[in-house]
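Participant: The sequence isn't on hand, but the structure is:
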């Protein structure tokens with residue numbers, strides 16, 4: 001049986017613990033949870049229309065770093081009016097009713113606590129899958145198949161990731177999680193709308209955690225998509241920060 005949901009995953013920051021970027025000492029793994037009907041009927045058409053309206057074709061891949069820096073092909077965003085119009089259209093995608101769950105690793109603190117031999121990616125993956133499962137469970141679709149789609153990072157990396165994914169499912173103590181998730185990999189050339197949205201989600205989360213007092217319009221949109229505790233906090237529910 002299928003759950004009627006699909007999950008797309010992307011990351012921000014690298015997972016090296018030997019050379020940590022002093023400007024961004026974070027690793028963030030973002031999971032976007034879409035009802036399949038919403039994804040097919042609303043989200044994909046909205047993103048396709050943005051691409052045709054601003055670039056006149058749909059081969060453009062939405063990438064947060066290039067958009068933020070107005071790097072080609074997003075140099076059109078150097079025009080303030082175009083940037084405003086473009087970002088309003090992207091914001092409208094985040095008004096759609098999909099969910100966001102994320103795991104964030106503070107790398108200096110992580111290395112001090114567990115050492116340099118434990119992968120931040122693997123820890124973030126386990127935290128994230130558990131929280132995605134809880135969301136699916138709350139919707140009554142636990143034990144129904146949900147595909148989790150990752151972007152390919154190379155043959156060796158993809159094999160290691162699938163092995164870790166399988167290890168998590170085989171050792172989890174969360175009943176029903178192993179029967180719920182199925183692993184999938186997509187190349188960058190697939191031009192996946194879901195993976196592009198996950199890319200837009202990941203870095204603003206890390207930026208917010210590093211600079212919580214700094215204006216961050218993307219974070220404000222993402223926060224609306226995160227599950228909250230009964231007290232109204234995303235921490236531990238939609239967002240796991242470790243340590």
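Facilitator: Cool, the structure landed. The structure presented is a predicted model; accordingly, all values stated were derived computationally and were not measured. Numbers count the residues shown, from 1 in each chain.

Participant: got the buried residues for stretch 47-67?
Facilitator: 47, 50, 51, 54, 60, 61, 62, 63, 64, 66, 67 (16 or more other CB atoms under 10 Å). (Glycine included, C-beta is placed from N, CA and C.)

Participant: can you map out the helices along the chain?
Facilitator: Ranges of helices within the chain are 36-38, 44-55, 64-69, 80-93, 107-114, 120-138, 155-171, 177-180, 193-210, 217-224, based on DSSP state H.

Participant: And the ones you listed: which comes nearest residue 26?
Facilitator: helix 193-210 (4.0 Å; CB to CB).

Participant: ok, residue 182 - how many residues close by?
Facilitator: The local packing of residue 182 (other CB atoms under 10 Å) involves 14 other residues.

Participant: For it, give me the pLDDT.
Facilitator: What the model reports as pLDDT for residue 182 is 98.

Participant: still on that earlier bit, reformat the helices of the chain into a markdown table and put distance to residue 100 next to each item.
Facilitator: Listed next are the helices of the chain as a markdown table, based on distance: least, CB to CB, whole Å:
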| stretch | distance to residue 100 |
| --- | --- |
| helix 36-38 | 14 |
| helix 44-55 | 16 |
| helix 64-69 | 14 |
| helix 80-93 | 12 |
| helix 107-114 | 22 |
| helix 120-138 | 10 |
| helix 155-171 | 20 |
| helix 177-180 | 18 |
| helix 193-210 | 6 |
| helix 217-224 | 6 |
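
Participant: Tell me which of those sits most buried.
Facilitator: Of the helices of the chain, the one with the most neighbours on average (mean count of other CB atoms under 10 Å) is helix 193-210, at a mean of 23.

Participant: got the angle between that helix and helix 44-55?
Facilitator: 80 degrees (axes from the mean of the first three to the mean of the last three CA atoms, to 10 degrees).

Participant: Looking at the buried residues of stretch 47-67, spot the one nearest residue 229.
Facilitator: residue 64 (27.4 Å).

Participant: Tell me the bridge partners for the spatially most central residue of the chain.
Facilitator: Residue closest to the average C-alpha location in the chain (CA atoms, centre = their mean): residue 30, at 2.4 Å. Note on residue 30: beta-bridge partners by DSSP bridges are residue 10, residue 102.

Participant: which one of the helices of the chain lies closest to residue 18?
Facilitator: Closest among the helices of the chain, using CB to CB: helix 107-114, at 9.0 Å.

Participant: Show me what the closest one packs onto, helices and strands only.
Facilitator: Judged by 3 or more CB pairs under 8 Å, 6 or more residues apart in numbering; DSSP states H and E, the packing partners of helix 107-114 are helix 120-138.

Participant: roughly how far out does the helix it packs on sit from the chain middle?
Facilitator: 12 Å (CA atoms, centre = their mean, to the nearest Å).
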